[in-house]
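Engineer: curious how this folds, go ahead:
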Amino acid sequence: MQLNDLRPAEGSTKARKRIGRGNASGHGTTAGRGTKGQLSRSGGGKGAGFEGGQQPLAMRLPKLPGFIHHGRIEYTPVNVSRLEAVFADGDVVDSETLMAKGVIKHDYIPVKVLGDGEITKKLTVRVDKVSASAQAKIEAAGGKVEAAC
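Structural biologist: Here you go, the predicted structure:
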């Protein structure tokens, strides 16, 4: 037996329905679509998700989960370990110096110093916010935290 000898079992396949090929075929004229109405027309019918004019489910559900508070202030986080690596002893840490050293990308976004890591240098920190643990570490190293200008 060769591959070209293989055939489907007798009666297991049917010829496809060739619609719109003349009345003699039995599927001419309306081509099995019926006489009139939306579904008989070319391009007729509604798209997927159409619910008869009712608001579709996809539009009834919210686009994104959760609630977004538009008045929320997003801070750029900077850890004390990063300050230790970038600044020298006695430096002043503020938005301008952080941007100049490449720690932050924009000086118009508020900055918050967080307490991850260790610090040994005496720094004067003048940023928008400082966490309690970061403030304790900065003051323990001999530095000070001032209110942002």
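Engineer: now the strands for the chain?
Structural biologist: 76-79, 92-93, 111-114, 124-125, 129-130, 144-145 (DSSP state E).
Engineer: what's opposite the closest residue to residue 130 other than its chain neighbours in the beta bridge?
Structural biologist: In space, and not counting its chain neighbours, residue 130 is closest to residue 113: 4.6 Å by C-beta to C-beta, 6 or more residues apart in numbering. For every residue, glycine as well, the C-beta is placed using N, CA and C. On the basis of DSSP bridges, residue 113 is bridged to residue 78, residue 130.
Engineer: what pLDDT does residue 113 get?
Structural biologist: Confidence at residue 113, expressed as pLDDT, is 96.
Engineer: now do residue 12
Structural biologist: 95.
Engineer: burial of it, as a residue count?
Structural biologist: 7 (other C-beta atoms under 10 Å).
Engineer: quick one, what contacts it?
Structural biologist: If you count contacts by C-beta atoms under 8 Å, 6 or more residues apart in numbering, residue 12 has none.
Engineer: confirm for me that residue 29 is in contact with residue 35.
Structural biologist: No: contact criterion C-beta atoms under 8 Å: residue 29 and residue 35 do not qualify, at 9.3 Å.
Engineer: more crowded one of these two?
Structural biologist: Under the criterion of other C-beta under 10 Å, the comparison of residue 29 against residue 35 puts residue 29 first, with 10 against 7.
Engineer: now the residue nearest the centre of the chain: how far from residue 76?
Structural biologist: The structure's the chain has its C-alpha centroid closest to residue 64; by C-alpha atoms, centre = their mean the separation is 9.5 Å. Computed as C-beta to C-beta, to the nearest Å, the residue 64 to residue 76 distance reads 23 Å.
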